[in-house]
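Novice: dropping a prediction and its sequence here:
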Amino acid sequence: MSSSSDCSGTNVLQESSSSDSKNADLLQEYIHAFIISKVVFSACELNVFDVLAGSEVPLPLTAISELLGTSIRGTEILLDACVGLKLLKADNQNGEVLYKNTELAHRYLRKTSSKSLFSSIIHYSPNVFRKMDLLTDSVKQGIPVCKMQHGNPEDAFFNLYRSEEQMIEFLQCMESSWLLFDKEAVMSAFDLSSFKIICDLGGGTGTLAKVCDAMYPTSSVILYDLPEIIQVTQEHFISKGDNRISFQKGNFFKDPLPDADLFILSRILHDWDDDTCLKLLKKIYMACKPGDGVLIIEMLLNEDRTGPLIAQLTSILMLVVTDGKERTLSAFKTLLETAGFKDIQLGANGKIMEVILARK
């Protein structure tokens, strides 16, 4: 009897010890996560992956250090961390370690890759990472960092649009982020062919306008954005093959909206508080004829707030850099119904970006 009790107690202790170890490992992962981000940012800023891609053979530490113009000590530590993160491969040949890109880095972290996320990373490093240091203050005050630092500017994008260079960097970030989402699947969540004039409000670089133009050749597509955004987009992001897309300059809060059958709001509403979202949705509703609609593309939080984690973390980002947040489907339904919309449907997308269609 005593022996059985001892065994049972030992098993409980072992299970408890195993659970404690897993919990400790998980917390260590969380605590050090910011270091992982900064390793990726720094490696991109130093052009580590482009330098290695430019060589036909793996390179030794000394050669990489010389090409980067960095110290031997710092370069070695950074490269080894990249190996641990599976961004680089290390091969020890006769006592000398040679480094090369993994397929992951080759595909997503080189500047010249067609699937490059380099622009997003270069934008996040100075513009987002540093702001996260003030997350505690944003939680306390409920406002983004820019409003703490710049005396409550008109909106949270004040800093991003101060110069053409910053604007291009931000737009490149938005453009490259679509590589993480299947834009064709997003725009296929509903059959939009019945809408003959489609307007992408705040359409930025025209990513979705181009997809709409390709998928719905019998529809006209309008890209609507601020005058400075339209100018930069036409100069840097639109090719001759996109000549069917028309452009209209304006501020969708202040200026008249185009005549359209469908208005797209892609990753727009998560930038704003409920009152501002409602103001915009009511304006769209008034611009719609019966049967016209609005297509909302956003991440969705689970109704029970259990996830998905990417949406929860993006909501943290919205807290720090905008007035908005990520929302549940029911929250969007409430906003849409209050604005007057009916027949609210969730598209069968199942991706990170979900699609909601509502009609007047």
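Specialist: Happy to help now that I have it. Numbers count the residues shown, from 1 in each chain.
Novice: strands along this protein, start to end?
Specialist: 59-60, 88-93, 96-101, 197-201, 220-225, 245-249, 262-266, 293-298, 300-301, 327-328, 342-346, 354-359 (DSSP state E).
Novice: distance to Leu281 and mean pLDDT added to the ones you listed, as TSV?
Specialist: C-beta coordinates here come from the backbone N, C-alpha and C atoms, glycine included. Output for those, formatted as TSV (distance: least, CB to CB, whole Å; pLDDT from 0 to 100):
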stretch	distance to Leu281	mean pLDDT
strand 59-60	54	97
strand 88-93	47	96
strand 96-101	45	97
strand 197-201	11	98
strand 220-225	15	97
strand 245-249	19	96
strand 262-266	8	98
strand 293-298	7	97
strand 300-301	17	96
strand 327-328	13	98
strand 342-346	12	94
strand 354-359	9	97
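Novice: out of those, flag the one nearest Tyr161.
Specialist: Closest approach to Tyr161 among the strands of the chain (CB to CB): strand 220-225, 11.1 Å.
Novice: got the contact list for the closest one?
Specialist: 196-204, 206, 209, 212-213, 230, 233, 244-250, 252, 257-258, 260 (CB atoms under 8 Å, 6 or more residues apart in numbering).
Novice: any of these buried? List them.
Specialist: 197-204, 206, 209, 212-213, 230, 233, 245, 247-248, 250, 252, 257-258, 260 (16 or more other CB atoms under 10 Å).
Novice: in the chain, which helix or strand is least confident?
Specialist: Sorting the helices and strands of the chain by mean pLDDT, DSSP states H and E puts helix 2-31 at the bottom, at a mean of 71.
Novice: point out where the stretch 201-350 of the chain drops to low pLDDT.
Specialist: Within the stretch 201-350 of the chain, the ranges that satisfy pLDDT under 70 run 348-350.
Novice: how about a cut-off of 90?
Specialist: Along the stretch 201-350 of the chain, segments meeting pLDDT under 90 span 238-244, 348-350.
Novice: one more: the stretch 51-200 of the chain?
Specialist: 94, 114, 119-120, 122-131, 143-182, 185.
Novice: that one: helices as residue ranges?
Specialist: Ranges of helices in the stretch 51-200 of the chain, per DSSP state H, counting those that start in this stretch, are 61-68, 72-84, 103-108, 118-124, 135-141, 145-149, 164-177, 183-187.
Novice: who's in contact with the second one?
Specialist: If I follow you right, that is helix 72-84. 39, 42-43, 46, 48, 61-62, 64-65, 68, 70, 88-90, 99, 105.
Novice: one more time with 10 Å
Specialist: Outside helix 72-84, the residues that touch it by CB atoms under 10 Å, 6 or more residues apart in numbering are 35-36, 38-40, 42-43, 46, 48-49, 52, 59, 61-62, 64-71, 87-90, 97, 99, 101-102, 105, 109.
Novice: ok, the longest one next?
Specialist: For helix 164-177, the surrounding residues in contact (CB under 10 Å, 6+ apart) are 108, 115-124, 126-128, 157, 159-161, 163, 204-207, 225-226, 228-229, 231-233, 235-237, 266-267.
Novice: what do you get if the cut-off is 7 Å, keeping everything else the same?
Specialist: 116-117, 119-120, 122-123, 160-161, 204-205, 207, 228, 232-233, 236-237 (CB atoms under 7 Å, 6 or more residues apart in numbering).
Novice: hmm, back to that, pick the most deeply packed of the helices of the stretch 51-200 of the chain.
Specialist: Sort the helices of the stretch 51-200 of the chain by mean neighbour count, taking mean count of other CB atoms under 10 Å, and helix 118-124 sits at the top with a mean of 21.
Novice: what's it packed up against?
Specialist: Applying 3 or more CB pairs under 7 Å, 6 or more residues apart in numbering; DSSP states H and E, one finds that helix 118-124 makes contact with helix 33-45, helix 164-177.
Novice: now render the strands of the chain as TSV, adding distance to Thr276.
Specialist: Shown next, in TSV, are these (distance: least, CB to CB, whole Å):
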stretch	distance to Thr276
strand 59-60	51
strand 88-93	44
strand 96-101	43
strand 197-201	14
strand 220-225	17
strand 245-249	21
strand 262-266	12
strand 293-298	15
strand 300-301	19
strand 327-328	13
strand 342-346	20
strand 354-359	18
